[in-house]
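J.: structure, please.
(one chain, ligands or ions: 2)
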Amino acid sequence: MGYLGGFLVTLRQRGKKQRTTRPYVKDEGHKRDKPERLHGRHVLNRYEDGMEKCIGCELCAGVCPASCIYVRGADNPPDDPVSPGERYGFVYEINYLRCIHCDLCVEACPTEAITESKLFEFSFTNRSDAIYTKAELVVDDAGLPQQLPWEDWTDAEVVAPLTSAWMRATSSSGDAAYEGRVAWSGELGFGVRDPEQGQTAPDAPASPPAGSGGHH
Ligand code: SF4
Ligand code: SF4
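T.: Ligands and ions are numbered 1, 2, ... in the order given. Modelled structure (predicted):
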């Protein structure tokens with residue numbers, strides 16, 4: 001394209017409605033409500049007595065399609081156990097340069113140790129901040145996510161308690177007797193959370209019928 005052709009392109013654009021890029025909304029009053037199913041930054045949960053739920057089984061790392069979880073389990077010290085299990089998550093890291101927030105780790109976890117909060121507004125300027133360590137992922141003594149310097153927690157009151165995601169659904173290979181039952185275990189600071197969106201099942205049996213297999 002010659003000089004004149006380029007000039008004509010410019011002229012043709014004049015008068016057309018141009019797209020504008022709006023500045024990022026920092027004001028909480030103007031932010032959209034977060035969808036109930038939003039998958040944000042993870043937390044590692046603790047039981048009501050403060051013990052960690054992670055047993056270092058590595059199932060989350062195995063299922064992660066982005067290979068961004070690194071777990072190393074260790075035997076619980078008998079005198080000062082970290083988790084109620086035989087083992088606990090000694091090292092736990094999530095690389096947020098790779099995570100696609102698919103939630104498969106949450107689905108795979110047998111103890112509901114790993115869940116995702118609704119926080120998605122975080123930006124880091126170096127690789128080490130992007131790789132969250134266990135010390136950063138474990139909830140604080142109130143059961144809330146830690147607020148790291150590079151995360152935007154302006155709506156913390158609304159978002160911080162939302163860490164348990166959707167109540168676990170009965171798996172396809174699970175026992176039908178458990179369908180619709182609230183299956184989350186108690187959490188530090190919250191106890192057993194209420195079911196969401198009509199998934200209450202007040203008539204559901206507390207234990208599976210005899211001979212039904214007993215797993216869910
Ligand atoms: S949300 Fe998905 S990509 Fe991210 S750590 Fe979990 S399994 Fe991996
Ligand atoms: S977070 Fe869950 S799946 Fe991952 S190592 Fe801990 S207990 Fe196992």
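J.: name the residues that touch the host helix or strand of Glu157?
T.: Here Glu157 is covered by helix 156-159, with elements defined by DSSP states H and E. Residues outside helix 156-159 that contact it (Cβ atoms under 8 Å, 6 or more residues apart in numbering): 34, 40, 117-119, 147, 153. Where C-beta positions appear, they are placed from N, C-alpha and C, glycine not excepted.
J.: what sits up against the longest strand that the chain contains?
T.: Longest strand in the chain, counting residues (DSSP state E): strand 87-95. The contact list for strand 87-95 (Cβ under 8 Å, 6+ apart) reads 42, 44, 52, 54-57, 68-76, 81-83, 113, 130-134, 137.
J.: just the buried ones from those, in ChimeraX syntax?
T.: The buried residues among the contacts of strand 87-95 can be selected in ChimeraX (16 or more other Cβ atoms under 10 Å) with this line:
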select :42,44,52,54,55,56,57,68,69,71,73,76,82,83,113,130,131,132,134,137
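J.: who in this structure is up against ligand 2?
T.: With Cβ under 6 Å from any ligand atom as the criterion, the chain meets ligand 2 at residues 54-60, 71, 89, 108-109, 111, 113-114.
J.: for this protein, what spans make up the helices?
T.: 3-13, 59-63, 104-108, 127-130, 134-137, 156-159 (DSSP state H).
J.: what about Lys53, how many residues nearby?
T.: Using other Cβ atoms under 10 Å, Lys53 has 25 other residues around it.
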